[in-house]
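**Student:** below: sequence and its predicted model.
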Amino acid sequence: MKILSDFNAGDIVVRYLHEQKTGRVGLQLIPASMLDQVAPRRTTLRGLPFIDALPGNDPWPAAMLDSLVQLKLVGDQYTGAFAQGHTMREAGSVSGFRLLNQTVEKSAVSTTILTVSANPAGCRTEHRLTWKHDAAVFEVGTTFINASSAPVILEMLSSFSLGGITPFAADDAPGRLRVHRFRSAWSAEGRLETRTLEELHLERSWSGAAAFSERFGQVGTMPVRRWFPFVAIEDTVAGVCWGAQISWAGSWQLEVFRQHDEVSISGGLADREFGHWMKTLQAGESLVAPPAILTCVAGSLDLLCDRLTESQQSAVDAQPAVEQDLPIVFNEWCTTWGDPQHDKLLAMADRLKGSDVRYLVIDAGWYKSEESDWSSGHGDWVPSKKLFPQGIEATAAAIRARGLIPGLWFEMETVGSQSTAFSLGDLLLQRDGRPVTVRERRFWDLNNPEAVAFLSSRVIDLLERGGFGYLKVDYNETLGLGAQHPDGLGEGLRQQVLASYRFFEKICERLPHLVIENCASGGHRLEPSMLGRTAMSSFSDAHELVEIPIIAANLHRLMLPRQSQIWAVLHATDSEARLVYSLAATFLGRMCLSGEIETLSPGQWEIVLRAQRLYRRVAPIIKHGVSRLSREMGESWRHPKGWQAMVRVATDGRSVLVVAHAFANASAHASIDLGDRGAWGIVDGMGAENRPVIDQSGKLKLTFDGDFTAQVWLLQKT
């Protein structure tokens, strides 16, 4: 095994290794500052008494080069080492591919390394690794090309495979490797799970005769369901983290794999075993796997997450100009609960007129008939004449006349059982010869031109005709295994995801000014491909719950706060402390208000206006900054105890936003590290009777006014 090539990408060295005997190529990422600490790796297990006691002269290798492309073709040997059913990595197909060439493509802003391998039949893999010169984050993609003379069937193709973890240990690094993942559930997104390799039962076997994989992911079209498509491995001795995200809105998988000393991580489309996926490629056809995002850092998990989320900035910067100062949203969902009406909406608009709110979003229910409800009546997209006697276009115009941008809710990819569209079976996705039906919902076949034409006329035309400037796209069920396709259900699902992307692009082409919100029963689509196609995302469906600030703070590691829409639902029965508790949580991302604003007292409304003014002042820090979370709390989110404080430091280091929440049984005081001992002054804030004190060590001393209270502070260097 030798080094094929090294590339310097910021503070990371991208290393390609080549095994001449097999032709296999592997990929490593190494912090440039630690290149001299790479340990010479043992090559054999000989010398260990339980190996030397075995007969024969077998070499008993200690390591094996991990291929940067993992794939499986039907007909080739399946994975051995007792691993079939747990993984499809290292199948016989991988050993058939040998390096053809490696080329470098450079532009003024980025570099791409193209590594091409081929098998004896003529099939090729193209592995592309690209980075922008101002960032040490890599987009990796894999293309499989059937350049043979006969059809082939793929049943597994990785987007990436990163090996050599950890290069700083000569052996199997006992006790020093940890895996970080983020769990997710409805209204409970982003719980960090950290476990050692030993806890995951991923210690290497004594001889290497067995292979182990922790394969996880999700099946369906809610990509952040059970897990976020994220994995990181930390070498706690070397102080280095490696991490990856999958950018895909369908079934996906990630794997932590080990057979020998080193650990590998890989991921991409959910394979045949995990996601019922296969793909037939005729001679000359190719398949592109979903992109993955990789990086490594000499530092903590927080630093790694900073890099991964920062890579999302360029896509958000390309959103409409109206979005760039992080406008405040009002959504009437928790006001009318599926019963929006012209007069009610104008009463809200009158209350919001002159405030710092810019968007007023009409949520679900605007289409319901006398016989249907909001949850199952969608799909035909005909505005209710009862709710909007003058037409919904007139309501949108009246909202604009009050200085607000009107928005409209659609769940455009599904149809409800009470709609006429529910019976249009030929235009809907099928499984076993019947429309896929899940809890009163079916799914448009977005690869059917008739379905796309229908949606274009009912969705895009209505948005354009009504002058709407904001679109909320909801998605309240998952397609599960997938839909009928000659290659199987998994490929049917993949085709639907690609078609969904195309429909989003169609909307943006027709209405380039439109601000799009990504929602899927709250946070079920918080992954890079959907984040990159939309301006902001619903962080959760935890609209009125005490755990809102917990969930919102978790998501700083997984998405940009400038895209994380957080709700504060306001009621006339709320105490001042409760109003501040709700409003303070929105400072952890994008402020979205809802609730009974017309019935708030003048004093309550002044609290809301005060929060809006403070939000406008700190919006630049929310847009560009670095977050660090301090917590002293129990494991329960539904019944939280203790406190948390998020410190977000502006990019220039001269301003800091602190958002603190006390839960049940909170201590009266908390000490928060600002990360800088410079001279700080508190220039604005809300929520506490006593202002914090900054001690000589640079720590912020907070005093809580009681359980379930909150405070927000803006600090600047003096």
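**Tutor:** Everything's here; your move.

**Student:** from residue 279, how far out is the residue most central in space within the chain?
**Tutor:** What sits nearest the mean C-alpha location of the chain, by Cα atoms, centre = their mean, is residue 527, with 2.5 Å. Plainly put, residue 527 is 21 Å away from residue 279 if you go by Cβ to Cβ, to the nearest Å. C-beta: built from backbone N, CA, C; applies to glycine.

**Student:** again, but for residue 698
**Tutor:** Distance from residue 698 to residue 279, by Cβ to Cβ: 56 Å.

**Student:** what do you get for residue 438?
**Tutor:** Distance, residue 438 to residue 279, using Cβ to Cβ: 25 Å.

**Student:** what's the answer for residue 518, then?
**Tutor:** In terms of Cβ to Cβ, residue 518 sits 27 Å off from residue 279.

**Student:** for the stretch 1-150 of the chain, which segments are assigned as strands?
**Tutor:** According to DSSP state E, counting those that start in this stretch, the stretch 1-150 of the chain carries its strands in the segments 2-9, 12-19, 24-31, 71-73, 98-106, 110-118, 124-132, 138-145.

**Student:** which residue ranges of the stretch 251-400 of the chain form helices?
**Tutor:** For the stretch 251-400 of the chain, applying DSSP state H, counting those that start in this stretch gives helices covering 272-275, 301-310, 313-317, 333-336, 342-352, 392-401.

**Student:** higher neighbour count, residue 518 and residue 279?
**Tutor:** Set residue 518 next to residue 279 and count neighbours by other Cβ atoms under 10 Å: residue 518 wins out with 27 against 21.

**Student:** what bridges to that one?
**Tutor:** Counting by DSSP bridges, residue 518 is bridged to residue 473, residue 537.

**Student:** ok, it touching residue 529?
**Tutor:** No - Residue 518 is beyond contact range of residue 529, at 10.1 Å (criterion: Cβ atoms under 8 Å).

**Student:** ok, so what distance separates the residue lying closest to residue 510 once chain neighbours are set aside from residue 453?
**Tutor:** Of all residues not flanking residue 510 in the chain, residue 460 sits nearest, at 5.2 Å (Cβ to Cβ, 6 or more residues apart in numbering). Between residue 460 and residue 453 the computed distance is 11 Å (Cβ to Cβ).

**Student:** of these two, give the one with the bigger neighbour count.
**Tutor:** Per other Cβ under 10 Å, whichever of residue 460 and residue 453 has more neighbours is residue 460, with 20 against 11.

**Student:** ok so that one is a helix residue?
**Tutor:** Yes - assessed with DSSP: H, G, I helix; E, B strand; the rest coil, residue 460 lies in a helix.

**Student:** quick one: it and residue 442, what's the gap?
**Tutor:** Applying Cβ to Cβ, the value for residue 460 to residue 442 is 21 Å.

**Student:** now do residue 268
**Tutor:** Using Cβ to Cβ, residue 268 is found at 28 Å from residue 442.

**Student:** okay, those two: which has more neighbours?
**Tutor:** residue 268 (29 against 26).

**Student:** quick one: residues contacting the more buried one.
**Tutor:** 142, 157-160, 246, 248, 252-253, 289-290, 292 (Cβ atoms under 8 Å, 6 or more residues apart in numbering).

**Student:** and if you look at residue 712?
**Tutor:** Applying Cβ under 8 Å, 6+ apart, the residues near residue 712 are 584, 587, 611, 614, 618, 657-660, 685-687.

**Student:** could you count how many residues lie near the closest residue to residue 415 other than its chain neighbours?
**Tutor:** Residue nearest to residue 415 in three dimensions, not counting chain neighbours: residue 379, with 3.1 Å by Cβ to Cβ, 6+ apart. Residue 379 has 28 neighbours, counted by other Cβ under 10 Å.

**Student:** thought residue 416 was touching residue 379, still the case?
**Tutor:** Yes - counting by Cβ under 8 Å, residue 416 is a contact partner of residue 379 at 5.3 Å.

**Student:** now residue 273, nearest residue through space, not along the chain?
**Tutor:** Residue 273's closest residue in space is residue 88 (Cβ to Cβ, 6+ apart), at 5.8 Å.

**Student:** which elements pack onto the longest strand along the chain?
**Tutor:** Assignment by DSSP state E gives strand 152-165 as the longest strand of the chain. For strand 152-165, the elements it packs on are strand 24-31, strand 71-73, strand 138-145, strand 240-246, strand 263-269, helix 272-275, strand 279-281, strand 292-298, judged by 3 or more Cβ pairs under 8 Å, 6 or more residues apart in numbering; DSSP states H and E.

**Student:** strand partners of that strand, parallel vs antiparallel please.
**Tutor:** Using DSSP bridges, strand 152-165 pairs in its sheet with strand 71-73 (antiparallel), strand 263-269 (antiparallel), strand 279-281 (antiparallel).

**Student:** tell me which of those approaches residue 167 most closely.
**Tutor:** strand 263-269 (10.8 Å; Cβ to Cβ).

**Student:** quick one: the closest one to strand 292-298, angle?
**Tutor:** Following axes from the mean of the first three to the mean of the last three Cα atoms, to 10 degrees, one obtains 150 degrees for the angle between strand 263-269 and strand 292-298.

**Student:** so what's the gap between strand 263-269 and the chain middle?
**Tutor:** 17 Å (Cα atoms, centre = their mean, to the nearest Å).

**Student:** angle of that strand against strand 138-145?
**Tutor:** Using the same axes, to 10 degrees: strand 263-269 against strand 138-145 is 60 degrees.

**Student:** once you drop chain neighbours, what's closest to residue 184?
**Tutor:** residue 224 (5.0 Å).

**Student:** what pLDDT does the one you found get?
**Tutor:** Note for residue 224: predicted pLDDT of 98.

**Student:** correct me, but it touches residue 189?
**Tutor:** Yes - using Cβ under 8 Å, residue 224 is in contact with residue 189, at 6.8 Å.

**Student:** so what sits against both of the two?
**Tutor:** 523, 526.

**Student:** doesn't residue 552 fall inside a helix?
**Tutor:** Yes - counting by three-state DSSP, residue 552 is found in a helix.

**Student:** that one reaches residue 588, doesn't it?
**Tutor:** Yes - between residue 552 and residue 588 there is a contact under Cβ under 8 Å: 3.9 Å.

**Student:** and the helix or strand residue 592 falls within, which strands flank it?
**Tutor:** Using DSSP states H and E, residue 592 maps to strand 590-595. For strand 590-595, the paired strands and their directions (DSSP bridges) are strand 328-331 (parallel), strand 564-570 (parallel).

**Student:** and for stretch 424-431, what are the contacting residues?
**Tutor:** 415, 421, 434-436, 442-445, 448, 450-451, 454, 479, 481-484, 489, 492, 496.

**Student:** kindly report the same for stretch 12-30.
**Tutor:** Stretch 12-30 has contacts (Cβ under 8 Å, 6+ apart) with 1-8, 31-32, 35, 38, 65-68, 94-95, 97-99, 102, 113, 115, 117, 127, 129, 131, 136, 138, 160-164, 167, 242, 294-296.

**Student:** correct me if wrong: residue 514 contacts residue 322.
**Tutor:** No - judged on Cβ under 8 Å, residue 514 makes no contact with residue 322 at a distance of 9.8 Å.

**Student:** list the residues that contact both of those two?
**Tutor:** residue 469.
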